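J.: For reference, the sequence and a predicted model appear below.
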Amino acid sequence: MADIFMTSFRESRRLGDCWECYSVARWQPRDLNYRELSQFAAFRQDGSPLRLRDFENPLEGYREEYLAGIAGMQPVLLPILERIVRRPRSKHLAFCCWCPHSLASREQLAAFGTFACHTMLLAGWLREAGFSVVLDADRLERGVKAWR
């Protein structure tokens, strides 16, 4: 089993009691009470939301800024992840966000047949840091191929 499963809030509702879910989004649905890992949400270093539409080359610009922000916080983030992932636990871990069910993701799917989600970038970073990560079917099948 992987250390971390990347999925949407919607799909996380179907996972059952053997899962411990965390929000890695800027906010989560009101009816969920997941622990928050806001350090992994898509924010700029100044605290403003990171959005594809803010870049001339959206996929590359977003990717570069998101990963640079994570890399800049790596000394703080890795110990947090180690505590969460490596501690004795009886449940599997899922990191959740809105995609592909957010309005922006649905618009991307309608226009391009694919969607961009920061959890795919996060998954790559986590793999490089030595964690085992699995993407859900939505990310594997319809996520931006270059980010998977």
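T.: The structure has been received and is ready for your questions. Note that the structure is predicted; figures quoted are calculated from it, not measured.
J.: What are the boundaries of the helices in the chain?
T.: 9-12, 58-72, 74-86, 103-112, 118-128, 137-142 (DSSP state H).
J.: Just put those in TSV and tack on mean neighbour count and mean pLDDT.
T.: Any C-beta I mention is one placed from the backbone N, CA and C, and that applies to glycine too. As requested, the helices of the chain are arranged in TSV below (neighbours: other C-beta atoms under 10 Å; pLDDT from 0 to 100):
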stretch	mean neighbour count	mean pLDDT
helix 9-12	19	96
helix 58-72	15	94
helix 74-86	13	92
helix 103-112	14	93
helix 118-128	20	96
helix 137-142	16	96
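J.: So the closest residue in space to His101 that isn't next to it in sequence versus Leu52, what's the distance?
T.: Excluding the flanking residues, the one nearest His101 by C-beta to C-beta, 6 or more residues apart in numbering is Arg10, at 5.1 Å. According to C-beta to C-beta, to the nearest Å, Arg10 and Leu52 sit 21 Å apart.
J.: and if you look at Val76?
T.: Look at Val76 and Leu52: by C-beta to C-beta, they are 26 Å apart.
J.: residue contacts, the residue nearest the centre of the chain?
T.: Among the residues of the chain, the one closest to the centroid is Thr119, at 2.3 Å (C-alpha atoms, centre = their mean). Residues in contact with Thr119 (C-beta atoms under 8 Å, 6 or more residues apart in numbering) are 6, 24, 95, 97, 99, 135, 139.
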